[in-house]
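Chemist: Output the structure for:
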Amino acid sequence: MKKLLTILTFLTTQVCFGQTTSGLVINEKPDFCLTDSLDLKSNIGKEVKIWHSGGVYNNLNESESFQFPTQEMKQKGGKSGWGEYYPKEGDVGTVVHIFSPKNQRQSIYLIKIGDNYVPIGCYYLTDANFLSATEEWEQRFIRESIERALYANIMAQKNCIYFENWESSQNWVREVNKLDDKSRKDSILNKIRCERFFKKDSVEYFKWIIVVNGYMIQNIPEYRDSLLNHIKADNFYLYENQGNFHRHHGFFGHFIGFLTISVLDTPIIDNIDALTVLKVEHHKTRWLSRIRRNRRISIGLKVEQSQVFTLRIESFENRDNNRIEQLHLRKGKRTINLSLEREVKVISIINDKNNFITMII
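Modeler: Predicted coordinates for the structure are as follows:
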């Protein structure tokens, strides 16, 4: 453990001063529990490592149910013939035989290590140049510790809030909600941007439930930040996680509560002088229809002069999920009737000069 702590301290220092964790790679342990007899035979003569010593059969040579290739292998194929030796994790040897007993679900390998022969379950082996179980654990521990140190270091450099635990996240929510509207919005948006250091396109690491106009979304893509900047500050609010729901999700996954963003069906961006949004009406449906059907929405418009507009409807979470239509609107009051999936949508009406009105519905 002392050695591990020394390595951890060194690597953490390297990472915090610009190094990376790219060298800490844990290869997936190969599967030696093959069912095909030809594949099993191909492993004979191969160098392997004891991944975990829990699979050693130290009395197998005393059973008459297993036929050893030679009498010497049987004599030295258990603790009765090992003397002072006992197989341990990390020992490397050569596969000399594979037992495939009918009453066993997994094959048993016979490994020659020095002058001894070790029967061991197939699951407890790995390639000779791969890590053992303890080495894998140490590498994961080091990597996760470095990631934590790197995370905290980046947060400090970018003036970001770093949550050491769930309680600190709740304190942050309470303090943010005491701020004036603009400062609260700025704090929330800054936290979203900070979290993208570890997940570039979403704020999923933050583990808050995000509700926009009453619809829950999984993440806020980075390309939506410009829209969020246009939303009025008093439409952002945080709610604490007052229950135990996902309270202890994990180090990088504290569930801290609810972020609600209400845009009230009013244009967030309005650059078209000849077009005015008068109202957005959500048509009521029976409760059973709400489950089975799309929602129906009407947008009332006042058109100052007849012209052709482009209507673009996008999913808030994925702008590639979109549809585009041409609107031929005559002068006067007009209504656009839409059928939308039950998710947050970004609706834009664009004129021929590329000016637009954008709403989140």
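
Chemist: Can you give me the domain assignment for this structure?
Modeler: 1-23+132-157, 27-130, 159-261, 269-360 (automatic domain parsing).

Chemist: could I get those as a markdown table with mean pLDDT and mean neighbour count?
Modeler: No exception for glycine: its C-beta is placed from N, CA and C like everyone else's. As requested, the domains of the chain are arranged in a markdown table below (pLDDT from 0 to 100; neighbours: other C-beta atoms under 10 Å):
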| stretch | mean pLDDT | mean neighbour count |
| --- | --- | --- |
| domain 1-23+132-157 | 65 | 14 |
| domain 27-130 | 89 | 16 |
| domain 159-261 | 77 | 16 |
| domain 269-360 | 88 | 14 |
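
Chemist: the helices in this structure, which residues?
Modeler: 2-16, 37-41, 71-75, 79-82, 133-157, 166-177, 181-195, 225-230, 287-292 (DSSP state H).

Chemist: I'd like those helices laid out as a markdown table, including distance to Thr260.
Modeler: Below are the helices of the chain laid out as a markdown table (distance: least, C-beta to C-beta, whole Å):
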| stretch | distance to Thr260 |
| --- | --- |
| helix 2-16 | 36 |
| helix 37-41 | 56 |
| helix 71-75 | 70 |
| helix 79-82 | 65 |
| helix 133-157 | 25 |
| helix 166-177 | 12 |
| helix 181-195 | 10 |
| helix 225-230 | 13 |
| helix 287-292 | 21 |
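
Chemist: Would you tell me which of the ones you listed gets closest to Ile313?
Modeler: helix 225-230 (14.4 Å; C-beta to C-beta).

Chemist: of all the helices of the chain, which lies closest to His97?
Modeler: Once these are compared by C-beta to C-beta, helix 71-75 is nearest, at 7.1 Å.

Chemist: Just the CA coordinates for that closest one, please, in PDB.
Modeler: Extracted as PDB, the C-alpha positions of helix 71-75 are listed here (Å, rounded to 0.1, in the frame of the first residue of the first chain):
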ATOM      1  CA  GLN A  71       2.500 -39.500 -13.200                       C
ATOM      2  CA  GLU A  72       5.000 -36.700 -12.500                       C
ATOM      3  CA  MET A  73       2.300 -34.100 -13.300                       C
ATOM      4  CA  LYS A  74      -0.100 -35.800 -10.900                       C
ATOM      5  CA  GLN A  75       2.500 -36.000  -8.100                       C
END
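
Chemist: Could you name the helices and strands sitting against it?
Modeler: Helices and strands touching helix 71-75, as assessed by 3 or more C-beta pairs under 8 Å, 6 or more residues apart in numbering; DSSP states H and E, are absent.

Chemist: Check the offset of it from the chain's centre.
Modeler: Chain-centre distance of helix 71-75: 51 Å, with C-alpha atoms, centre = their mean, to the nearest Å.

Chemist: Pull the residues that contact that helix.
Modeler: 61, 68, 81, 96-97, 110, 117 (C-beta atoms under 8 Å, 6 or more residues apart in numbering).

Chemist: One more: stretch 217-233?
Modeler: 181-182, 184-185, 189, 192-193, 196, 200-204, 210-211, 261, 263, 268-269, 316-319, 343-344, 346, 358, 360.

Chemist: so can I have JSON lines of the contacts of helix 71-75 showing distance to Gly300?
Modeler: Putting the contacts of helix 71-75 into JSON lines (distance: C-beta to C-beta, whole Å) gives the following:
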{"residue": "Asn61", "distance to Gly300": "87"}
{"residue": "Phe68", "distance to Gly300": "88"}
{"residue": "Gly81", "distance to Gly300": "91"}
{"residue": "Val96", "distance to Gly300": "83"}
{"residue": "His97", "distance to Gly300": "82"}
{"residue": "Leu110", "distance to Gly300": "81"}
{"residue": "Tyr117", "distance to Gly300": "85"}
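
Chemist: Show only the entries of these found in strands.
Modeler: 96-97, 110, 117 (DSSP state E).
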